[in-house]
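Enquirer: Provided below are the primary sequence and the corresponding predicted coordinates.
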Amino acid sequence: MDKKKIIVGLSGGVDSSVTAYLLKEQGYDVIGVTMVNFREDNVCPETGEKIAGDAARVADYLGIPHHVVDFCSPFKERVIDYFVKEYFSGRTPNPCVVCNRYIKWKAMMEQGQKLGAEYIATGHYAQVEQLPNGRYALRCSVTASKDQTYALYGLTQEQLSHTIMPLGAYTKEQIREIAGRIGLPVAEKPDSMEICFIPDKDYAGYIERNTGIKSVKGNYVNAEGDILGQHQGIIHYTVGQRKGLNLAMGHPVFVTEIRPETNEVVIGENEDVFAKALRCSCVNAMSVPEFKSGMEVFAKIRYNHKGAPAVIKAVEGDSLLIEFQDAQRAITPGQAVVFYQGDYVAGGGMIDGPVRK
């Protein structure tokens with residue numbers, strides 16, 4: 001039997017390295033591809049040559065060919081520029097969702113075509129299956145604590161049909177054990193938990209340093225429009241935020257809304273952060289061919305949200321109205337809402353905002 005060629009996104013981390021190993025063991029003709037998406041070594045040492053160097057060591061150890069591809073230009077346009085624009089628009093972006101669909105998968109598939117590979121593989125904790133209805137869908141990882149389906153809801157049917165994710169059948173502990181057992185040179189490398197191009201979590205600082213645009217101070221206001229104090233610029237805030245407001249109100253208060261048109265940050269009580277419905281757009285259907293009113297789903301409104309029962313109440317073109325069984329905290333414009341039916345991703349969209357009656 002001819003071995004099928006497969007491109008593995010090799011980041012130099014444990015997960016992608018074990019992915020390459022497992023696929024080679026399964027008989028695939030594995031090719032490692034490392035994407036260099038940004039070069040800002042003064043901000044993040046884990047860029048450019050460091051990532052490519054670790055990946056090259058892994059590829060050499062596993063005995064597979066390795067290619068380094070420069071995607072700095074499309075990454076800046078699709079991910080970094082989007083990230084900056086969203087914050088200045090009073091939204092909280094989700095760059096991983098955008099990167100996965102428009103950079104990682106698009107770039108990997110294009111590179112695979114050049115190298116004659118039929119499939120691509122990544123080290124995500126998720127599984128790809130073709131359902132009885134013919135649709136390709138993501139299935140949750142066997143380990144809920146590492147499940148990464150949330151950030152992958154935007155993948156297209158074409159992308160999923162050429163994707164293999166072997167780690168979805170393993171726990172993180174099992175992957176670490178395999179890495180140590182086979183002697184991978186990155187077996188003890190720690191996981192990367194932050195946005196890749198902003199590891200210090202100083203989003204506002206990153207935006208100001210890289211755009212030269214200073215966020216303008218403005219007013220904190222309550223729902224009635226009364227001025228409560230002065231904020232440091234809207235890019236410093238997100239819906240639901242309590243810490244770092246520097247407001248002496250005598251009790252905890254929270255960001256309930258960000259108004260870029262008036263440069264105001266609205267402050268309220270804890271109960272004001274809850275809403276029972278949301279509207280989303282830019283939707284992508286995955287396990288289902290389309291969304292329909294009355295469809296029952298289990299919806300997650302951010303990566304670490306445990307999810308909640310909800311119903312799709314209205315479908316208006318590329319926009320959905322979602323109503324939860326119980327009110328949810330901090331429904332944040334710019335974040336993704338992902339719909340599950342059982343263990344499978346039905347699809348999702350970008351949150352436009354909460355809907356309060």
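Expert: Looks like it came in fine.

Enquirer: starting at the chain centroid, how far to the helix or strand of the chain with the lowest mean pLDDT?
Expert: When the helices and strands of the chain are scored by mean pLDDT, DSSP states H and E, helix 49-62 comes last with a mean of 83. Averaging C-alpha positions (Cα atoms, centre = their mean, to the nearest Å) puts helix 49-62 24 Å from its chain's average.

Enquirer: cool, stretch 345-357 as well?
Expert: Taking mean C-alpha positions (Cα atoms, centre = their mean), stretch 345-357 and its chain are 16 Å apart.

Enquirer: for the helix or strand harbouring I175, packing partners?
Expert: Taking DSSP states H and E as the criterion, I175 maps to helix 172-181. Judged by 3 or more Cβ pairs under 8 Å, 6 or more residues apart in numbering; DSSP states H and E, the packing partners of helix 172-181 are helix 14-25. In this view, the C-beta of every residue, glycine as well, is placed from N, C-alpha and C.

Enquirer: Buried residues, stretch 196-208. List them.
Expert: Within stretch 196-208, the residues that count as buried by 16 or more other Cβ atoms under 10 Å are 196-199, 203-204, 206-208.

Enquirer: Check the burial of E110 by counting its neighbours.
Expert: Neighbour count of E110, defined by other Cβ atoms under 10 Å: 12.

Enquirer: swap in the one 10 residues further on?
Expert: Each residue near I120 was counted by other Cβ under 10 Å, and the total is 23.

Enquirer: The helix or strand in which it is found pairs with which strands?
Expert: Taking DSSP H and E as the criterion, I120 maps to strand 119-121. The sheet places strand 119-121 alongside strand 5-9 (parallel), strand 163-164 (parallel), with pairing taken from DSSP bridges.

Enquirer: could you check the angle helix 14-25 makes with the helix holding I175?
Expert: If you take axes from the mean of the first three to the mean of the last three Cα atoms, to 10 degrees, helix 172-181 sits at 70 degrees to helix 14-25.

Enquirer: Please put the alpha-carbon coordinates of helix 172-181 into PDB.
Expert: Output of helix 172-181 as PDB, limited to C-alpha atoms (Å, rounded to 0.1, in the frame of the first residue of the first chain):
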ATOM      1  CA  LYS A 172      -2.400  15.400  27.900                       C
ATOM      2  CA  GLU A 173      -0.800  13.200  30.500                       C
ATOM      3  CA  GLN A 174      -0.700  10.400  27.900                       C
ATOM      4  CA  ILE A 175       0.900  12.700  25.300                       C
ATOM      5  CA  ARG A 176       3.600  13.800  27.800                       C
ATOM      6  CA  GLU A 177       4.300  10.100  28.600                       C
ATOM      7  CA  ILE A 178       4.700   9.200  24.900                       C
ATOM      8  CA  ALA A 179       7.000  12.200  24.400                       C
ATOM      9  CA  GLY A 180       9.200  11.100  27.300                       C
ATOM     10  CA  ARG A 181       9.200   7.500  26.400                       C
END
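
Enquirer: chain center to it: distance?
Expert: With Cα atoms, centre = their mean, you get 24 Å for helix 172-181.

Enquirer: for V216, phi and psi?
Expert: phi -80, psi 130 (degrees, to the nearest 10).

Enquirer: now swap in the one 4 residues further on and tell me
Expert: When quoted as degrees, to the nearest 10, the phi and psi of Y220 stand at phi -80, psi 130.

Enquirer: Distance-wise, check it relative to D272.
Expert: 14 Å (Cβ to Cβ, to the nearest Å).

Enquirer: what about those two, which has more around it?
Expert: Y220 (21 against 17).

Enquirer: and that one, bridged to which residues?
Expert: Beta-bridge partners, per DSSP bridges, of Y220: G229, V265.

Enquirer: now the helices: where do they sit in this structure?
Expert: 14-25, 49-62, 72-75, 81-88, 95-99, 106-115, 157-161, 172-181, 203-211 (DSSP state H).

Enquirer: Put together TSV for those helices, with distance to A310 on each row.
Expert: Below are the helices of the chain laid out as TSV (distance: least, Cβ to Cβ, whole Å):
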stretch	distance to A310
helix 14-25	31
helix 49-62	38
helix 72-75	33
helix 81-88	24
helix 95-99	19
helix 106-115	30
helix 157-161	24
helix 172-181	29
helix 203-211	29
